[in-house]
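# How does the following fold in three dimensions:
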Amino acid sequence: MAGSICSYGFIPVREHATEASQMVTQILFGETYEILSIVDNWARIKLDYDGYEGWIDAKLIVDISEKELGFFKKSNAWIVPVNQVKVISEPDKHSRYLTGGSRIVFNGQDQNSFVLNNTEYYLSGSVTPLKKMPSIQEIAMTYLYTPYLWGGCTFYGIDCSGLVQVIYKILGYKMPRDASQQIEQGHTINFVEEAIPGDLAFFDNENGDIVHVGICNGKGEIIHSSREVRIDKLDHQGIFNQAHKKYTHKLRVIKRII
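Prediction:
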């Protein structure tokens with residue numbers, strides 16, 4: 001079937017075709033997707049970026065020609081490199097914020113203005129494509145204290161694997177959406193002491209299921225989303241919460257992706 005593109009800050013993707021269903025991920029601004037089917041007021045979609053499937057409100061689908069959609073898919077894009085950037089729409093001068101990981105295809109070489117869904121925008125603020133790309137630690141720190149949200153991928157709320165996927169997307173590395181898929185990437189690091197910034201630490205439950213992931217900070221620390229995006233101590237046992245004086249997650253393995 002046809003496809004479309006997200007022209008909103010983000011679109012919630014639900015497990016089932018109802019508002020009561022849990023959100024499993026989000027489509028970010030500028031991301032494209034395939035429309036698999038439409039049932040009543042709901043559309044089952046498949047994200048082009050990671051192949052994730054789910055249901056969205058059909059009213060949020062942008063009517064876009066196949067030619068224009070193909071242009072957005074094939075064009076080189078700037079991936080927003082921090083948790084948010086401000087853009088101004090023309091000619092009404094309304095401002096809005098695009099979250100980290102959003103995909104922008106600029107009009108020309110000036111890399112300042114872009115058009116989506118018949119609306120023109122320009123960047124407002126100091127974050128531009130001409131700025132030096134932040135390090136993985138700098139990117140992660142822009143999400144510090146973001147509240148935990150199951151299925152979230154933005155600074156309004158984010159889950160553990162969403163944090164990993166978005167940060168790696170900014171850096172140019174495509175990662176699957178869920179921690180149970182992300183653990184299949186990269187190669188194993190044998191000792192916590194050998195972990196460097198950007199390595200991923202995975203954690204399991206009593207059944208051996210992967211239930212959590214975080215990004216190593218390289219100093220015996222981990223940045224991860226648990227109640228909020230936070231920094232905790234990491235050792236061979238797992239994550240140690242200093243405030244509560246206890247381990248909260250049991251370490252399974254550390255993987256190096258970059």
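
# Sketch out the low-pLDDT regions of the stretch 101-250 of the chain for me.
For the stretch 101-250 of the chain, applying pLDDT under 70 flags no range at all.

# what ranges do the strands span in it?
Remark: strands assigned in the stretch 101-250 of the chain by DSSP state E, counting those that start in this stretch are 103-104, 113-116, 119-124, 153-154, 157-158, 187-189, 200-204, 210-216, 221-226, 228-234, 238-241, 246-256.

# Can you give the domain ranges for the protein?
Listed domain ranges for the chain are 3-72, 80-124, 136-256 (source: automatic domain parsing).

# L130: which of those is closest?
Closest approach to L130 among the domains of the chain (Cβ to Cβ): domain 80-124, 6.9 Å. Every C-beta, even on glycine, is put in place using the N, C-alpha and C of the backbone.

# how close does N112 get to I104?
10 Å (Cβ to Cβ, to the nearest Å).

# Would you mind telling me which of the two has the busier surroundings?
I104 (21 against 15; other Cβ atoms under 10 Å).

# For the residue lying closest to I158 once chain neighbours are set aside, give me its contacts.
Once flanking residues are discounted, I158 sits nearest to G152: 4.4 Å by Cβ to Cβ, 6 or more residues apart in numbering. For G152, the contact set (Cβ atoms under 8 Å, 6 or more residues apart in numbering) comprises M23, Q26, I158, D159, G162.

# and the gap between G152 and N112?
G152 is 29 Å from N112, by Cβ to Cβ.

# try P197
31 Å.

# can you give me the helices in the protein?
Applying DSSP state H to the chain gives helices spanning 66-74, 136-141, 160-170, 179-182.

# winner for burial among those?
Mean neighbour count (mean count of other Cβ atoms under 10 Å) peaks for helix 160-170 among the helices of the chain, with a mean of 25.

# Pull the residues that contact that helix.
By Cβ under 8 Å, 6+ apart, helix 160-170 touches 25-26, 49-50, 79-81, 100-101, 136, 139-140, 143, 148, 151-153, 158, 174-179, 182, 200, 212-215, 224-226, 229, 257.

# Also stretch 97-104?
Under Cβ under 8 Å, 6+ apart, the answer for stretch 97-104 is 9-10, 28-31, 77-87, 114, 139, 142-143, 153-156, 165-167, 169-170.

# before we move on, back to that, show me which of the contacts of helix 160-170 are buried.
Buried members of those, scored by 16 or more other Cβ atoms under 10 Å, are 25-26, 49-50, 79-81, 100-101, 136, 139-140, 143, 148, 151-153, 158, 175-179, 182, 200, 212-215, 224-226, 229, 257.
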